[in-house]
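# Quick one, fold the following:
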Amino acid sequence: MTAQIHPAAIVDSRARLAPDVSVGAYSIIGAGVEIGAGTRIGPHVVIGEHTRIGARNRIFQFCSIGEEPQDKKYAGEATRLEIGDDNTIREFCTLNRGTVQDAGVTRVGNHNWIMAYVHLAHDCQIGSHTIFANNAQLAGHVHIGDYVILGGFTGVHQFCRVGAHSMTAIGAVVLQDVPPYVMAAGNTAQPYGINAEGLKRRGFSTDAIAAIKRAYKTLYKSGLSFDEARAQIAAGVTAEPALALLAEFLATPGRGIIR
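Coordinates of the predicted model:
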């Protein structure tokens, strides 16, 4: 079986496509691109060089995937974009390669749902099972954990971290780190409780959700300093393993958490 490449598409001879990949009309695939089995590339998609795309992805029309980073320090280095398996990337999304000032690679995990007009800048590290609603915009070097949901028009400042299972409201402006499990909203984003409904849907136990709620109150409602709250949350990990994700996040230096 040969790849289903529309006659109007342009595929560089140095690209490697699995036999059942399909490529729509007027799409352009550059040198060194690798595309895994079952992936479908729509019409008018441009995939830049040094991009690796896994299996069973769907990339819709008018996307720019793996183009040069929008970083004035970029000087043509051979940096990369790596996309995992089973992702959906809707219309007009832009995903840029990394820079040598960071890891040199922008990464997207598996089973992500990336809606129209989303921008993932250079060196972003995206986990798996995320949902980015329309027009979510990530600046460079942003780290997004698993199961994160970004509301439409969310903007995330460079070098911020958004922890696993967290969620932002429409139009949130994230200028500092969002801890795991937390819901954030506003300009600038502030915490508004935990994503309890999302945790229920993902099989978290009643006891685990209750412990996460207590940890949230310790962090945001107790009047403790950040270091005191962090220590108290870390002490609870043995009794409730779900707190380990939060404790590890708080122990890792970043831009400071939203308050």
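# for the stretch 51-200 of the chain, what spans make up the helices?
196-201 (DSSP state H, counting those that start in this stretch).
# Any stretches of it with poor pLDDT?
Within the stretch 51-200 of the chain, no range satisfies pLDDT under 70.
# Just want the most central residue of this structure.
Ile126 (3.0 Å; C-alpha atoms, centre = their mean).
# and this protein, what are its domains?
What automatic domain parsing lists as the domains of the chain is 4-141, 199-251.
# just to revisit the earlier point, OK, contacts around the residue nearest to the centre of the chain?
Arg107, Val108, Gly109, Asn112, Leu120, Ile144 (C-beta atoms under 8 Å, 6 or more residues apart in numbering). Using the backbone N, CA and C atoms, a C-beta is placed for each residue, glycine as well.
# which of the residues in stretch 113-127 are buried?
By neighbour count with 16 or more other C-beta atoms under 10 Å, stretch 113-127 contains the buried residues 114-127.
# Could you dump those residues into JSON lines and include distance to Thr154?
Below are the buried residues of stretch 113-127 laid out as JSON lines (distance: C-beta to C-beta, whole Å):
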{"residue": "Ile114", "distance to Thr154": "13"}
{"residue": "Met115", "distance to Thr154": "11"}
{"residue": "Ala116", "distance to Thr154": "14"}
{"residue": "Tyr117", "distance to Thr154": "12"}
{"residue": "Val118", "distance to Thr154": "10"}
{"residue": "His119", "distance to Thr154": "11"}
{"residue": "Leu120", "distance to Thr154": "12"}
{"residue": "Ala121", "distance to Thr154": "14"}
{"residue": "His122", "distance to Thr154": "18"}
{"residue": "Asp123", "distance to Thr154": "18"}
{"residue": "Cys124", "distance to Thr154": "13"}
{"residue": "Gln125", "distance to Thr154": "17"}
{"residue": "Ile126", "distance to Thr154": "14"}
{"residue": "Gly127", "distance to Thr154": "16"}
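# so of the residues you listed, which ones are in strands?
Ile114, His119, Leu120, Gln125, Ile126 (DSSP state E).
# which one of those residues is nearest Gln232?
Taking C-beta to C-beta as the measure, Gln125 is the one of those closest to Gln232, at 28.8 Å.
# hmm, back to that, any chance of the ones in strands among the buried residues of stretch 113-127 in CSV, plus distance to Arg90?
Shown next, in CSV, are those (distance: C-beta to C-beta, whole Å):
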residue, distance to Arg90
Ile114, 6
His119, 13
Leu120, 13
Gln125, 21
Ile126, 15
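# Now flag whichever of those is closest to Gly140.
The nearest one, if we look at these relative to Gly140 and count by C-beta to C-beta, is Leu120, at 9.5 Å.
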